[in-house]
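*Asks:* would you be able to build a 3D model of this:
(2 chains)
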Amino acid sequence: MLSRRDFLKLAVKGAVLGNFYQLITPPLAEAVAAGEVKKLPVVMIETGTCTGDSISLDNIWTPTFSDILTNIVDWRYDWTMNQVQGDAAYRILQDTYEKLPSEYILIVQGSMIQRDDGHYNHVAYEDGRLITGIDLVRRIGLKAKYVVAIGSCATYGGPVAGYPNPTQATGVQNILPERRVINVSGCPAHPDWIMGTLLHLALYGEPELEKFGRPKLFYGETIHNRCPRRADYDQGIFATDIGQKECLFRVGCKGPVTYADCPIRRWNDRFNWPIGCNTPCIGCTEPGYPDLMSPFTVHLPDIPFPGGTKVNTDSIGLGVLGLTSVAITGHVVTSLAKGRLQKNLLRSSVKVQHRPAIKKVNTYHQYRLKKTKN
Amino acid sequence: MLQKKTIFPVTRIHNPMLLEAWLENGEIKDAYISDTLYRGFEQILIGRSAMDMPYYTQRICGICSSAHAITAALAVEQALGMQVPPNGLLIRNLILASDFIQNHIRHLYLYTMPDYFRGPDLAPFIPHSESDLRLTSQENTIMTEHYFKALEISRDAHAAFAVFGGKAPHGHGIVPGGASMEVDADKVNRYRGYMMMILGFIDDVLLPDVTLIMERYPEYIDLGKGIGNYLSVGGFPSPEGSTLYPQGVILQGKRESFSEKHVTEDVTYAWYKPHGPLHPMEEDTVPDRSQAKGYTWVKSPRYRGQPVEVGPLARAIINKEEVLGHGALGRTWARAIELKKIAVTTLEWLNRLEPGAETLDRKMGQDSGVGIGLHEAMRGALGHWILVENMRVKHYQIVTPSALNFGARDETGTPSVGETSILGLKIQSEDLKEAGRVIRSFDPCFSCSVHIIDGEKIRALEIPV
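*Replies:* Numbers count the residues shown, from 1 in each chain, chains lettered A, B, ... in the order given. Below you'll find the predicted structure:
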């Protein structure tokens, strides 16, 4: 173990040299320089996605992208960045798969499209045949050191799996039940969450995960518990429509059931975030988003569920969130009930009359979670 | 003797694009461009709350999220009879403008430039695409620096987005009725600060770089022309009612005014249950992979039955601005000029903001209705057609710019502008780099082509010789 003094010395030296590996592990840095150890090889496969997570990753503030490519990862296959196209690009993926088994990290962006055996999404062309997203992710994923799913679509199906889920989209874990998938959810995932997870994998191995496979480091606490408008909530001061400065719980905020560190991390140069923008959190990091979080903004007497059910606003307040939390975490309901909720809010909101919509939605989200082995 | 080449994936494009080109003596004689992903957003949107549309439709595309947001908001506002206050209009312009700037900078450096310069010996730039590189090694080094600099500056554009939009991509700031963020000096100050840094980058780095590429590759200025049909639906409204970009159409050299009534979509060569050319309000989206003629998931939108080109070049031509050429680098130049124009205009919009004045008006005239949202997105004209009943979406159809540029062939077999533009290209490289240059100049984004290919069936198509 390094003493604190040694560590400080190292940190200063690393900062001067500006080399990432030197900052943390000098022996590794020497090995990298000598060419004995390669940078962490990464390949990215895009399936049913909007590519929003690539764009989000480009938005990373620290470290800069040039630093990432130069010092941290060997960003091999990513079809938004590769200079070559066609076979030459696909060969990079093949080479990595054949020559570096159990060394590379597979990043998957986008939901797994299952309809017609996956033929609604082709991602590669091999020997005159088109390869489906599911087949490629399974093939590359089984030999990867780690599989990281980024974004809501890759983790739990996301907006593509919204009711009626026309493409039978699902998360990566469901098509790779043999092994653990590290989920970095969010719509899009915050660049810090993606890069922080990769860095953890590079330096310390697999991060501690919570029950839905997400790193506890980033998804360990609800938005609600760290929300700057929490004081309003506790005192029962609620906004009546979006665009107002008070707690947005009554206009659809899903902060109480959403696990992410947005309130303290904030987005893009850390100035703003959805609740700071006077709009409700839409729960984009949770399994079941978007259906269990819809409608995003509750402002009508009747809440239309995609399945066709209507729920009255009087019963919706805690109702939707309660149901969501039953479906998601369970313990949030109790913490809400134990918390300092205003009586009038409870009175108007705990009654729940209709549940079928949730059931219907739920069939598309089967979370088979791997038991922790190590 | 025709020789077939299949390029998949065409990289540096949003989402999968498959190019199947038929060559004779090194010249492209026929080409099929197809999108190999179907997600079915138009089906998913049915039955949802109309108020959620600006948020949900953003998830169609990660690089032009705010364009979908604003177009969906316009459609919902028209359907429900909502009025946006002047401040709200300006803030929405500012959000969309910063996203335009982000998109244009990233498209120029991340997607276009690697076709013309040799990147560093570093993944993901290796292996290099060696053919037809004309920059000196010193210029290559400078261009690499600019590449990474552009990545950093484009973050600033998204940070400006987040000032009024909450987060980027997939922001929260654009909602039916206006914008959710209030105006104060702090926010104006921040937005302006980012914009000044971006303007400095555009003047000092970006425009000289584009000029350098045009000097070294002069033939590409006019290589890869479209067919002379251009369309713009206009965008960036001011409170007085005028717009930064006007609406208009040019069909075979003749200028006419735009009417959404003439927009139709056909699915003869796409994977949908067949119907003739129908207006977006009448058609529906029923995916069907057994369609024998289908080769892509993109429908074929037409204006008056003709394929049209959309994008920065079309906007410039319709706005009667000077353009240098109509080919690949002509489009790139138009994009760079537009980038500067929008960045400068944001400063005017900032000046017109009134601190404290309302930005959002949620009053509704009715709870059912028909709405048509039309707004220029980064890559061209975007339209959302919505039918709302009791605040719920009854019908939703989206015509995206990439569908206009790269849609399937229509019922008469006429190819899209994108497929036409690479015909006759002389190919020297192994991986059809020349075609890649032309295709990328349209800034195609197949996430946006909401509707997509089955490999077996492509080959079943009869290729006219």
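
*Asks:* residue contacts, whichever residue of chain A sits closest to chain B?
*Replies:* Distances between chain A and chain B by C-beta to the nearest C-beta are smallest at residue A:52, namely 2.6 Å. Using the backbone N, CA and C atoms, a C-beta is placed for each residue, glycine as well. For residue A:52, the residues meeting the contact criterion (C-beta atoms under 8 Å, 6 or more residues apart in numbering or on different chains) are A:151, A:187-188, B:59, B:61-63, B:65, B:169-170.

*Asks:* who's in contact with residue B:405?
*Replies:* By C-beta under 8 Å, 6+ apart, the contact list for residue B:405 reads B:309-311, B:379-380, B:416-418, B:442, B:444.

*Asks:* of all those residues, which comes closest to residue B:35?
*Replies:* Sorting these by how near they are to residue B:35, with C-beta to C-beta, puts residue B:444 at the top with 9.0 Å.

*Asks:* kindly provide the distance from the closest one to residue A:246.
*Replies:* Taken as C-beta to C-beta, to the nearest Å, the spacing of residue B:444 relative to residue A:246 amounts to 44 Å.

*Asks:* so when I look at residue B:190, I'm seeing a strand, right?
*Replies:* No - the secondary structure assignment for residue B:190 gives helix rather than a strand, going by DSSP: H, G, I helix; E, B strand; the rest coil.

*Asks:* show me the contacts for it.
*Replies:* When contacts are counted by C-beta under 8 Å, 6+ apart, residue B:190 is found next to A:271, B:160, B:163.

*Asks:* among those, name the ones in helices.
*Replies:* B:160, B:163 (DSSP state H).

*Asks:* all helices of the stretch 151-300 of chain A, in order?
*Replies:* Secondary structure of the stretch 151-300 of chain A, counting by DSSP state H, counting those that start in this stretch: helices at A:151-156, A:172-175, A:191-204, A:216-219, A:230-235, A:262-265.

*Asks:* export the ones you listed to a markdown table and tack on distance to residue A:79?
*Replies:* Written out in a markdown table, the entries for the helices of the stretch 151-300 of chain A read as follows (distance: least, C-beta to C-beta, whole Å):
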| stretch | distance to residue A:79 |
| --- | --- |
| helix A:151-156 | 15 |
| helix A:172-175 | 18 |
| helix A:191-204 | 17 |
| helix A:216-219 | 26 |
| helix A:230-235 | 42 |
| helix A:262-265 | 28 |
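
*Asks:* pick the most deeply packed of those helices.
*Replies:* Burial among the helices of the stretch 151-300 of chain A, expressed as mean neighbours by mean count of other C-beta atoms under 10 Å in any protein chain shown, is greatest for helix A:151-156, which shows a mean of 32.

*Asks:* is stretch B:124-143 in proximity to chain A?
*Replies:* Yes - applying C-beta under 8 Å from any C-beta of the partner chain, one finds stretch B:124-143 in contact with chain A at B:124-129.

*Asks:* which of those are buried, as a ChimeraX select command?
*Replies:* Remark: buried members of these, expressed as a ChimeraX selection using 16 or more other C-beta atoms under 10 Å in any protein chain shown:
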select /B:124,125,127,129
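
*Asks:* in CSV: the residues of stretch B:124-143 next to chain A, plus pLDDT and secondary structure.
*Replies:* As requested, the residues of stretch B:124-143 next to chain A are exported to CSV (pLDDT from 0 to 100; DSSP: H, G, I helix; E, B strand; the rest coil):
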residue, pLDDT, secondary structure
B:124, 91, coil
B:125, 92, coil
B:126, 86, coil
B:127, 90, coil
B:128, 91, coil
B:129, 89, coil
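
*Asks:* list phi and psi for residue 82.
*Replies:* Just going to use chain A. Its backbone dihedrals place residue A:82 at phi -60, psi 140, with angles given as degrees, to the nearest 10.

*Asks:* show me what contacts it?
*Replies:* A:89, A:92, B:11-12, B:124.

*Asks:* kindly report the same for residue B:95.
*Replies:* Under the criterion of C-beta under 8 Å, 6+ apart, the neighbours of residue B:95 are B:66, B:70, B:161, B:164-165, B:171, B:173-174, B:179.

*Asks:* apply 7 Å and report the result again.
*Replies:* Contacts were defined as C-beta atoms under 7 Å, 6 or more residues apart in numbering or on different chains; by that measure residue B:95 touches B:66, B:161, B:164-165, B:171, B:173-174.

*Asks:* on the three-state scheme, it is what?
*Replies:* Using three-state DSSP as the criterion, the local structure at residue B:95 reads helix.

*Asks:* quick one, phi psi at the closest residue to it other than its chain neighbours?
*Replies:* Nearest non-adjacent residue to residue B:95, counting by C-beta to C-beta, 6 or more residues apart in numbering or on different chains: residue B:165, 4.6 Å away. As for residue B:165, its main-chain torsions (degrees, to the nearest 10) stand at phi -110, psi 0.

*Asks:* now swap in residue B:372 and tell me
*Replies:* Note on residue B:372: backbone dihedrals following degrees, to the nearest 10 are phi -120, psi 120.

*Asks:* and for residue B:64, the neighbour number?
*Replies:* Counted with other C-beta atoms under 10 Å in any protein chain shown, residues neighbouring residue B:64 total 30.

*Asks:* so which strand or helix has residue B:383?
*Replies:* Under the criterion DSSP states H and E, the helix or strand holding residue B:383 is strand B:380-389.

*Asks:* what's the distance between the residue of chain A closest to chain B and residue B:42?
*Replies:* According to C-beta to C-beta, residue A:52 and residue B:42 sit 19 Å apart.

*Asks:* how about the strands in the chain?
*Replies:* If you meant another chain, say so; for now it's chain A. Using DSSP state E, the strands of chain A run over A:40-46, A:73-77, A:105-109, A:112-113, A:122-126, A:129-132, A:146-150, A:169-170, A:181-184, A:302-304, A:310-312.

*Asks:* switch to chain B, that's the one I care about
*Replies:* B:3-7, B:17-24, B:27-35, B:174-175, B:178-179, B:230-237, B:243-251, B:254-256, B:263-266, B:300-303, B:369-377, B:380-389, B:392-399.

*Asks:* take the ones you listed and write them to JSON lines, including mean neighbour count.
*Replies:* Compiled in JSON lines, these are given as follows (neighbours: other C-beta atoms under 10 Å in any protein chain shown):
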{"stretch": "strand B:3-7", "mean neighbour count": "17"}
{"stretch": "strand B:17-24", "mean neighbour count": "22"}
{"stretch": "strand B:27-35", "mean neighbour count": "22"}
{"stretch": "strand B:174-175", "mean neighbour count": "30"}
{"stretch": "strand B:178-179", "mean neighbour count": "29"}
{"stretch": "strand B:230-237", "mean neighbour count": "24"}
{"stretch": "strand B:243-251", "mean neighbour count": "19"}
{"stretch": "strand B:254-256", "mean neighbour count": "11"}
{"stretch": "strand B:263-266", "mean neighbour count": "25"}
{"stretch": "strand B:300-303", "mean neighbour count": "25"}
{"stretch": "strand B:369-377", "mean neighbour count": "22"}
{"stretch": "strand B:380-389", "mean neighbour count": "25"}
{"stretch": "strand B:392-399", "mean neighbour count": "23"}
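
*Asks:* sorry, back to before: check which helices and strands the strand holding residue B:383 sits against.
*Replies:* Secondary-structure packing of strand B:380-389 (3 or more C-beta pairs under 7 Å, 6 or more residues apart in numbering or on different chains; DSSP states H and E): helix B:65-80, strand B:230-237, strand B:369-377, strand B:392-399, helix B:401-406.
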